[in-house]
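Participant: Predicted model, plus sequence, below.
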Amino acid sequence: MEKTITLIRHGKTLGNYEKRYIGITDEPLSVDGEKEIISRHYSKCDIVFSSPLMRCVRTAELIYPEYKPVIIEELRETDFGIFEGKNYIELADNKEYIDWIESGGTAPFPNGESRDEANSRTMIGFEKLIKLSGDCKNISVVCHGGTIMAILSSLFDGDYYSYHVENGEGYTFDLSSDGLYYGLCTRSFIR
């Protein structure tokens, strides 16, 4: 069965406004983040999946109030380790942060996950949601920027960071009946 999958990055949190590394921290949407989500126009779906973190669950509830999001634990954001909750200004003199930047973002986060670990976990979650979607044709997934980059760089090649997306924005692509992913396009949901 053909499926259309829409990946949506959660709305803004206070940490997003402050450009902090908010990975596993269970931070809520900000008031302005909620307003931004409500002001946009999102694709209709038959089922909605979400990361377990409250910023994603709340975004899913705002976009799709008629659905209870199906939680997929593996779709959570990357564990940023000792960088968690900090921004680049606070980390500017941190040797481990400088080393991570110089690695092109490929080195593991100190006391956190490596990109490969996060990508592997995310793809397990993605495969799980495809199975759980059953006969649903239009699937929406509310998750994190890192989750989206992991899924798309795994399915469509390209550089991990080339799939960066702003809060409340996303991508749509299709899954053919013979298991091929195709038709990737960016999505702006601003009215």
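Facilitator: Structure's in. What do you need?

Participant: So for this structure, the centremost residue is which one?
Facilitator: Nearest to the mean C-alpha position of the chain, by CA atoms, centre = their mean, lies residue 144 at 2.2 Å.

Participant: residue contacts, the residue nearest to that one when sequence neighbours are not counted?
Facilitator: Closest residue to residue 144 apart from its sequence neighbours, by CB to CB, 6 or more residues apart in numbering: residue 77 at 3.8 Å. C-beta here means a position set from N, CA and C on the backbone, and glycine is covered the same way. Contact analysis of residue 77 by CB atoms under 8 Å, 6 or more residues apart in numbering lists 22-24, 51, 53, 143-147.

Participant: Of these - the most surrounded one?
Facilitator: residue 143 (30 neighbours; other CB atoms under 10 Å).

Participant: Ignoring the adjacent residues along the chain, who's closest to residue 43?
Facilitator: residue 6 (5.0 Å).

Participant: what's the answer for residue 111, then?
Facilitator: Counting by CB to CB, 6+ apart, the residue nearest residue 111 is residue 81, at 3.8 Å.

Participant: Please confirm that the residue nearest to residue 43 is located within a strand.
Facilitator: Yes. According to DSSP: H, G, I helix; E, B strand; the rest coil, residue 6 belongs to a strand.

Participant: I'd guessed it sits against residue 140; true?
Facilitator: Yes. Contact criterion CB atoms under 8 Å: residue 6 and residue 140 qualify, at 4.8 Å.

Participant: And those two? Which one has more around it.
Facilitator: Set side by side, residue 6 and residue 140 show unequal neighbour counts under other CB under 10 Å, the larger going to residue 140 at 26 against 20.

Participant: and the helix of greatest length in the chain, how far from the chain's centre?
Facilitator: The helix that spans the most residues within the chain, counting by DSSP state H, is helix 115-132. Its chain's average C-alpha position is 12 Å from that of helix 115-132, according to CA atoms, centre = their mean, to the nearest Å.

Participant: and the residue sitting furthest away from the middle of the chain, how far is that from residue 86?
Facilitator: Residue farthest from the centre of the chain, counting by CA atoms, centre = their mean, is residue 93 at 28.5 Å. Distance, residue 93 to residue 86, using CB to CB, to the nearest Å: 12 Å.

Participant: Filter the contacts of residue 77 down to just the ones in strands.
Facilitator: Those of those mapping onto strands are residue 143, per DSSP state E.

Participant: From residue 126, how far off is the nearest residue to residue 52 once chain neighbours are set aside?
Facilitator: With sequence-adjacent residues excluded and distances taken as CB to CB, 6+ apart, residue 52 is closest to residue 71, at 5.0 Å. Per CB to CB, residue 71 is found 14 Å from residue 126.
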